[in-house]
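Student: Fold the following and give me the result.
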Amino acid sequence: MTAPTPDPSTAPGGAATTRVDVAIQGIRLLDAPVSRRAGAGPSDDGHVLIDGVGAAIPLSPRSPYTVRGGRLLLDGADTGVGVEAVARPRFYDLTTADGVPYEQIARLHSDRVLATTVVQTCVRYDEAERCRFCAIEESLRQGATVAVKTPAQIAEVARAAYELDGITQMVMTTGTSNGRDRGATHLARCVRAVRAVLPDLPIQVQCEPPGDLATLQELYDAGARSIGIHVESLDDGVRRRVMPGKGSVPLAEYRAAWAEAVRVFGWNQVSTYLIIGLGEDPDELVAGAEELIAMGVYPFVVPFRPIAGTLAVEVDGTVPPPREVTYDITRRVAAALDRAGMTGAGQAAGCAACGACSALGAAQAELDASGHGAGCAEACGRSA
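Tutor: As a prediction, the model looks like this:
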């Protein structure tokens, strides 16, 4: 059943409601020079600026939202929101000496974030273990990327993206390996290579909890300044059903890794994805987010959005969560973040710092503007 189309002029939350709705229903955008297909998630999307703020929005020919003259229209009516497609970066036109297009090594996310999956394969990609929302190996099968990016390749592309397109941060993620480090060692090598040519570029790394928590210190020592350890759901039933391989890693391991990562990287420099729409009870999801915040971990809350080639779409027929549920959870988590003085912008780099895939930033801004948020007063007095 399709959720009713909201009227942004009357719906509670205003701009944040619109931001949530386009994240679910997408935009009929004819030209998105910077877009993403397949991969680890969270969506097939086009990268745009919504009122000047980066956003990753699904491109859908069935969406009631369109763009004309730089304005977002809902069923032809102006919403009062400006939309501009992110321009194709110049570094996409370059290739390495051995002929690999830079675009296959790292991609632009939003308008100033460089992202790469350093290993595009995952030990859990067998159908019996695969995360049902993930298509990490599909882009590899389509020839859109290479299986393993070398530290030298990533450093070369990062330097070009910095010099030609003004990137301000970088995100490095990886498919899970068979090793005890679960891929973190190669991440550390890649971070070192980039920091050697761009010593001041903020970098976030993303990986599963490594078997040896000392690896987290190695990632920090390599030059990473924030880290994402993504659990996606705190409900063990959901984890067993939706991510059977990754769900076999006990939540206790995640909690131990988050605690150590906060010690190493600092308060609000650790984040984790929580996906709305996988079947977790909304109240329990919000309560779990509040526990994470108390630990110093930023819960990056995003709605499930279909990705072609995933089991969730091709087998399960999973659809995005209702707009009302997504908005309610997002606003409640935003309020909890605000009370703690925690913001995505306070992170050195990464998904929360970028914010393009979530409406949390818009929701926090609305809370502050309405006088119902704590704002950044507490954050200003805390060490990050």
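Student: Helices of this protein, start to end?
Tutor: Read by DSSP state H, the chain holds these helices, from start to end of the chain: 15-25, 138-141, 151-165, 184-197, 214-222, 236-242, 251-265, 282-295, 311, 323-340, 351-354, 360-370, 377-380.
Student: Now do the first one against helix 323-340, angle only.
Tutor: Here helix 15-25 runs at an angle of 130 degrees relative to helix 323-340 (axes from the mean of the first three to the mean of the last three CA atoms, to 10 degrees).
Student: follow-up on the earlier one: closest to D45 out of the helices of the chain?
Tutor: Comparing these against D45 with CB to CB, the closest turns out to be helix 15-25 (9.1 Å). In this view, the C-beta of every residue, glycine as well, is placed from N, C-alpha and C.
Student: Using PDB, write out the CA atom coordinates for stretch 119-136.
Tutor: Presented in PDB, the C-alpha positions along stretch 119-136 are these (Å, rounded to 0.1, in the frame of the first residue of the first chain):
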ATOM      1  CA  VAL A 119      37.500  -4.200  -1.300                       C
ATOM      2  CA  GLN A 120      34.400  -4.700  -3.400                       C
ATOM      3  CA  THR A 121      33.800  -8.300  -2.400                       C
ATOM      4  CA  CYS A 122      32.300  -9.700   0.800                       C
ATOM      5  CA  VAL A 123      32.800 -13.000   2.500                       C
ATOM      6  CA  ARG A 124      29.100 -12.900   3.400                       C
ATOM      7  CA  TYR A 125      27.800 -12.400  -0.200                       C
ATOM      8  CA  ASP A 126      26.600 -16.000  -0.500                       C
ATOM      9  CA  GLU A 127      22.800 -15.900  -0.700                       C
ATOM     10  CA  ALA A 128      22.400 -17.700   2.600                       C
ATOM     11  CA  GLU A 129      24.500 -15.100   4.500                       C
ATOM     12  CA  ARG A 130      24.100 -11.900   2.400                       C
ATOM     13  CA  CYS A 131      22.500  -8.800   3.900                       C
ATOM     14  CA  ARG A 132      19.300  -8.600   2.000                       C
ATOM     15  CA  PHE A 133      19.600  -4.800   1.400                       C
ATOM     16  CA  CYS A 134      23.200  -5.000   0.100                       C
ATOM     17  CA  ALA A 135      24.400  -5.200  -3.500                       C
ATOM     18  CA  ILE A 136      28.100  -4.700  -2.900                       C
END
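Student: How about residues contacting that stretch?
Tutor: Contacts to stretch 119-136, defined as CB atoms under 8 Å, 6 or more residues apart in numbering, come from residues 38-42, 117, 137, 139-140, 145-149, 174-178, 183, 186, 232, 242-246, 275, 278, 304, 307-312, 315-316, 318.
Student: these two touch, right, E260 and D212?
Tutor: No: taking CB atoms under 8 Å as the definition, E260 is not a contact partner of D212, at 10.5 Å.
Student: Which one's more surrounded, those two?
Tutor: Neighbours of E260 and D212, each counted by other CB atoms under 10 Å, are more numerous for E260; the result is 19 against 13.
Student: Quick check: closest non-adjacent residue to the more buried one.
Tutor: Beyond its immediate neighbours in the sequence, the residue positioned closest to E260 (CB to CB, 6 or more residues apart in numbering) is L213, lying 4.6 Å away.
Student: in the chain, what spans have low per-residue confidence?
Tutor: Across the chain, residues meeting the criterion (pLDDT under 70) sit at 1-15, 30-31, 35-44, 372-384.
Student: for it, longest strand please?
Tutor: Scanning the chain for the strand with the most residues, using DSSP state E, yields strand 77-85.
Student: so what does that one touch, helix or strand wise?
Tutor: With contacts defined as 3 or more CB pairs under 8 Å, 6 or more residues apart in numbering; DSSP states H and E, strand 77-85 has these neighbours: helix 15-25, strand 45-50, strand 71-74.
Student: most tightly surrounded among these?
Tutor: Across those, the average number of neighbours (mean count of other CB atoms under 10 Å) peaks for helix 15-25, which reaches a mean of 25.
Student: Report the angle between that helix and strand 77-85.
Tutor: For helix 15-25 and strand 77-85, the angle between their directions (the same axes, to 10 degrees) works out to 70 degrees.
Student: Provide a PyMOL selection command restricted to the buried entries of the contacts of stretch 119-136.
Tutor: Under the burial definition 16 or more other CB atoms under 10 Å, those of the contacts of stretch 119-136 that qualify are selected in PyMOL by:
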select buried, resi 38+39+40+41+42+117+137+139+140+145+146+149+174+175+176+177+183+186+232+242+243+244+245+246+275+278+304+307+309+310+311+312+318
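Student: just checking, which of the contacts of stretch 119-136 belong to strands?
Tutor: Mapping the contacts of stretch 119-136 onto strands (DSSP E) picks out T117, I275.
Student: sorry, back to before: wait, which of the helices of the chain is closest to P89?
Tutor: Each of those was checked against P89 via CB to CB, and the shortest separation belongs to helix 151-165, namely 4.2 Å.
Student: what does the closest one contact?
Tutor: Counting by CB under 8 Å, 6+ apart, 89-91, 94, 96, 100, 102, 105-106, 108, 114, 116, 118, 167, 170, 172, 189-190, 192-194, 196-198, 201 sit against helix 151-165.
Student: Going by neighbour count, which of those are buried?
Tutor: Members of the contacts of helix 151-165 that pass the buried threshold by neighbour count (16+ other CB under 10 Å) are listed as 89, 91, 100, 102, 105-106, 108, 114, 116, 118, 167, 170, 172, 190, 193-194, 198, 201.
Student: I'd guessed the residue nearest to E260 sits against A257; true?
Tutor: Yes: shown here, L213 and A257 form a contact pair, counting by CB under 8 Å, at 6.3 Å.
Student: In terms of packing, which of those two has more residues around it?
Tutor: Between L213 and A257, counting by other CB under 10 Å, A257 is the more crowded of the two (23 against 16).
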